[in-house]
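Chemist: The following block contains a protein sequence and its predicted model.
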Amino acid sequence: MEPFAYNLDEADIKRERQKARELRTSQWWKRRCAKAVCYYCKKNIHPRDLTMDHIVPVSRGGKTSKGNVVQCCKECNNNKKQLLPIEWEKYLARIDLQA
Ligand SMILES: [Zn+2]
């Protein structure tokens, strides 16, 4: 038996986080970060300062797939964690206007 078999959600989250760690070491991820642009605010960010974000959070059933994972700056990552989805939509709309 898997240690978390009694709780599929926890096992799923653990697996997706592990996949994220692996994806971070991939050429695909390095190429994405080499663009040095935050996916959300489009600011130029040093690749070293880019973080991996799940568009749909793992805690809400999001998968670690190339379609659900983006590079973003720490500021956007923090904001996204703190804001409710509706507030995050407003945040994105605001930075779109500034662009
Ligand atoms: Zn950003």
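Modeler: Structure received. Residues are numbered from 1 along each chain as shown.

Chemist: Get me the contact residues on this protein for the ion.
Modeler: Selection of the chain residues close to the ion by CB under 5 Å from the ion yields 38, 40-41, 73, 76. C-betas here are computed from N, CA, C, even on glycine.

Chemist: Narrow these to just the buried residues.
Modeler: 38, 40-41, 73, 76 (16 or more other CB atoms under 10 Å).

Chemist: which one of those sits closest to Ser65?
Modeler: For these, the residue nearest Ser65 by CB to CB is Tyr40; the value is 18.2 Å.

Chemist: Setting aside sequence neighbours, what's the nearest residue to Trp28?
Modeler: Lys66 (6.6 Å; CB to CB, 6 or more residues apart in numbering).

Chemist: For the one you found, give me the backbone phi and psi.
Modeler: phi -60, psi -20 (degrees, to the nearest 10).

Chemist: Leu50 too?
Modeler: phi -80, psi 140.

Chemist: can you check Asp53 too?
Modeler: According to degrees, to the nearest 10, Asp53 has phi -130, psi 140.

Chemist: burial measure for the nearest residue to it once chain neighbours are set aside, as a count.
Modeler: Nearest-residue entry for Asp53: Cys72, 4.8 Å, with adjacent residues in sequence omitted and distances by CB to CB, 6+ apart. Residues near Cys72, counting by other CB atoms under 10 Å, number 22.
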